[in-house]
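> Using only what follows, build the 3D model:
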Amino acid sequence: MLSAFRVLPNEPPTGRRLMTMIGRWGAALGLALMTAACGSSDGFDADERATPIKRARTPENEFTPVELEATVDKLVAEINKSSIKPMQITVLLKDNSGFWESIMTAASRAMGELGITGNVIGGYKVSQGEQIEDAVANGVQGIGIAALDDTVVSAIDEAAASGVHVVTLDADAATAGRAIYVGSINESAGATAGETLLDMLPPAPGTVIVYGTTDPAWADGLKRTQGAQGVFEAAGYDVIVGSSHWTDAGAIDDIEWMRAQIETSDPPVVGMIGLFNISYRCAMAAEAAGRQDLPIVAFDFDPETVIYMRDGRIRATHAQRQYYEGYLVPYVLYGIENIGLDATKQILATQMLGDDRFDVGLDVVPANRIDAYYDFLDSIGAGAQ
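Numbers count the residues shown, from 1 in each chain. All right, here's what the predicted structure looks like:
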């Protein structure tokens with residue numbers, strides 16, 4: 001008998017692709033719900049052996065990350081050779097909407113395929129440290145967590161010291177005793193985006209505006225910014241870096257700052273890059289300066305960004321593979337429990353940076369492939385990101 005899983009709290013997908021999403025991933029979630037009907041989340045019989053894993057195959061598409069899919073297949077094959085111990089896990093996320101919805105969908109699917117007990121919790125009413133403590137008290141063997149900040153370090157360390165496997169996703173807690181981080185590697189993500197824009201630029205000299213961050217307190221954002229900045233500096237361009245602000249007042253200030261740089265920079269601005277979900281402001285600034293000709297690339301798949309892509313104002317964007325973050329974490333935790341950390345890392349090695357960071361990579365989406373990318377997201381049940 002397979003063990004049950006619970007997903008808390010989750011909101012149903014909304015928007016124009018709801019019916020397509022239901023058709024594509026309803027079968028997988030239906031299997032998970034059937035699993036829940038015959039199990040319990042109160043723990044396991046020590047002699048119980050889980051059923052061998054059978055993955056639900058994902059449709060192939062031009063955006064399918066073939067290497068990631070192959071890595072999961074290798075992990076499954078090795079786990080199935082082991083005694084396949086049952087497991088209980090909890091996945092703790094920062095929210096349950098927007099960016100996080102596809103992570104919740106994917107983690108739920110993976111847990112259903114694995115037949116394990118667990119929770120996917122989006123958001124928090126208590127601190128993440130308390131969430132970790134509660135999970136440990138409830139007898140989990142594994143925790144996946146998108147860390148809010150370094151205040152979770154001590155709780156992660158205590159969980160790991162008690163024998164619980166901890167994997168971070170999307171946002172790392174690198175100083176903690178977590179086993180592996182699964183997500184985008186910000187410095188390489190920034191460099192990848194920079195290379196996309198570099199191919200569109202006239203030869204140096206020229207000035208490139210990098211709409212990222214200069215805030216040293218935001219390490220991940222700064223690493224992404226520096227990754228892009230380094231690409232242009234190495235190619236001989238002048239680089240002007242501006243910090244992104246998410247308030248309404250900040251939007252006005254950011255756009256005005258970029259407009260002024262476009263109008264006054266010497267050598268002239270030859271391209272712009274945005275590194276967060278508000279990248280579309282680059283196009284707004286170029287419009288304000290009367291420079292709709294400027295090559296612009298963006299980050300994330302925000303609806304506003306898509307509008308400017310369809311208008312030809314943003315030439316490409318870089319979408320994070322958060323669905324695969326959510327999908328991989330239960331598999332990685334299950335691998336650590338069943339075949340050990342070292343064996344799991346060996347299987348993940350081709351996408352590992354160093355000893356403890358797994359890079360899920362990025363999807364580079366040109367403006368003329370928007371609909372194809374939507375089709376890909378629908379095919380895996382991720383919806384719009």
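> going forward, measure contacts between C-alpha atoms and count neighbours the same way
Fine.
> okay, now K74: neighbour count?
As a burial measure, K74 scores 15 neighbours (other C-alpha atoms under 10 Å).
> pLDDT score for the residue nearest in space to the middle of the chain?
Nearest to the geometric centre of the chain sits Q322, at 2.8 Å (C-alpha atoms, centre = their mean). Listed pLDDT for Q322 reads 94.
> That one against A146, yeah?
No: Q322 is not in contact with A146 according to C-alpha atoms under 8 Å; the separation is 11.2 Å.
> anything in contact with each of the two?
Common contacts of Q322 and A146 (C-alpha atoms under 8 Å, 6 or more residues apart in numbering): D170.
> Just checking, which helix or strand of the protein averages the lowest pLDDT?
helix 18-37 (a mean of 36; mean pLDDT, DSSP states H and E).
> and the gap between N96 and Q229?
Per C-alpha to C-alpha, to the nearest Å, N96 is found 32 Å from Q229.
> Who has more neighbours out of the two?
Neighbour totals were compared for N96 and Q229, and Q229 leads with 24 against 21 (other C-alpha under 10 Å).
> Surely the more buried one is within a helix?
Yes: assessed by DSSP: H, G, I helix; E, B strand; the rest coil, Q229 belongs to a helix.
> for this protein, what spans make up the strands?
Under the criterion DSSP state E, the chain contains strands at 6-8, 88-93, 117-122, 142-145, 165-169, 180-183, 207-212, 238-243, 269-274, 296-297, 316-320, 352-353, 357-359, 362-366.
> now these in TSV, with distance to G340 and mean neighbour count?
Below are the strands of the chain laid out as TSV (distance: least, C-alpha to C-alpha, whole Å; neighbours: other C-alpha atoms under 10 Å):
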stretch	distance to G340	mean neighbour count
strand 6-8	25	18
strand 88-93	16	27
strand 117-122	19	25
strand 142-145	13	28
strand 165-169	10	27
strand 180-183	12	27
strand 207-212	39	26
strand 238-243	42	18
strand 269-274	40	26
strand 296-297	41	30
strand 316-320	28	25
strand 352-353	17	16
strand 357-359	16	23
strand 362-366	28	20
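> is it possible to export those to JSON lines including distance to E60?
Converted to JSON lines, those look like this (distance: least, C-alpha to C-alpha, whole Å):
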{"stretch": "strand 6-8", "distance to E60": "27"}
{"stretch": "strand 88-93", "distance to E60": "27"}
{"stretch": "strand 117-122", "distance to E60": "27"}
{"stretch": "strand 142-145", "distance to E60": "27"}
{"stretch": "strand 165-169", "distance to E60": "25"}
{"stretch": "strand 180-183", "distance to E60": "22"}
{"stretch": "strand 207-212", "distance to E60": "33"}
{"stretch": "strand 238-243", "distance to E60": "38"}
{"stretch": "strand 269-274", "distance to E60": "30"}
{"stretch": "strand 296-297", "distance to E60": "26"}
{"stretch": "strand 316-320", "distance to E60": "18"}
{"stretch": "strand 352-353", "distance to E60": "24"}
{"stretch": "strand 357-359", "distance to E60": "21"}
{"stretch": "strand 362-366", "distance to E60": "15"}
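> lowest-confidence stretch among the ones you listed?
Mean pLDDT across those is lowest at strand 6-8; the value there is a mean of 38.
> follow-up on the earlier one: which one is the residue nearest to the centre of the chain nearest to, not counting chain neighbours?
Nearest residue to Q322 in three dimensions, chain neighbours excluded: I103, at 5.8 Å (C-alpha to C-alpha, 6 or more residues apart in numbering).
> what stretches of this structure score poorly on pLDDT?
Counting by pLDDT under 70, the chain shows low-confidence ranges at 1-50, 383-385.
> okay, now the domains of it?
Domains of the chain are assigned by automatic domain parsing as 6-184+321-363, 186-319.
> Against Q351, how distant is the spatially closest residue to D363 that is not a sequence neighbour?
In space, not counting the residues next to it along the chain, D363 is nearest to A319; the distance is 5.0 Å by C-alpha to C-alpha, 6+ apart. Separation of A319 from Q351 (C-alpha to C-alpha): 18 Å.
> just N338 next, same as before
For N338 relative to Q351 (C-alpha to C-alpha), the value is 21 Å.
> Those two - which one has more neighbours?
N338 (21 against 16).
> didn't that one look like it was pressed against S82?
Yes: assessed by C-alpha under 8 Å, N338 is found in contact with S82 at 6.6 Å.
> which neighbours do the two share?
Residues touching both N338 and S82 by C-alpha under 8 Å, 6+ apart: none at all.
> Contact partners for the residue lying closest to L222 once chain neighbours are set aside?
Using C-alpha to C-alpha, 6+ apart and skipping the chain neighbours, the partner closest in space to L222 is T213 (5.7 Å). Each residue near T213 by C-alpha under 8 Å, 6+ apart is listed here: 221-222, 225, 241-244.
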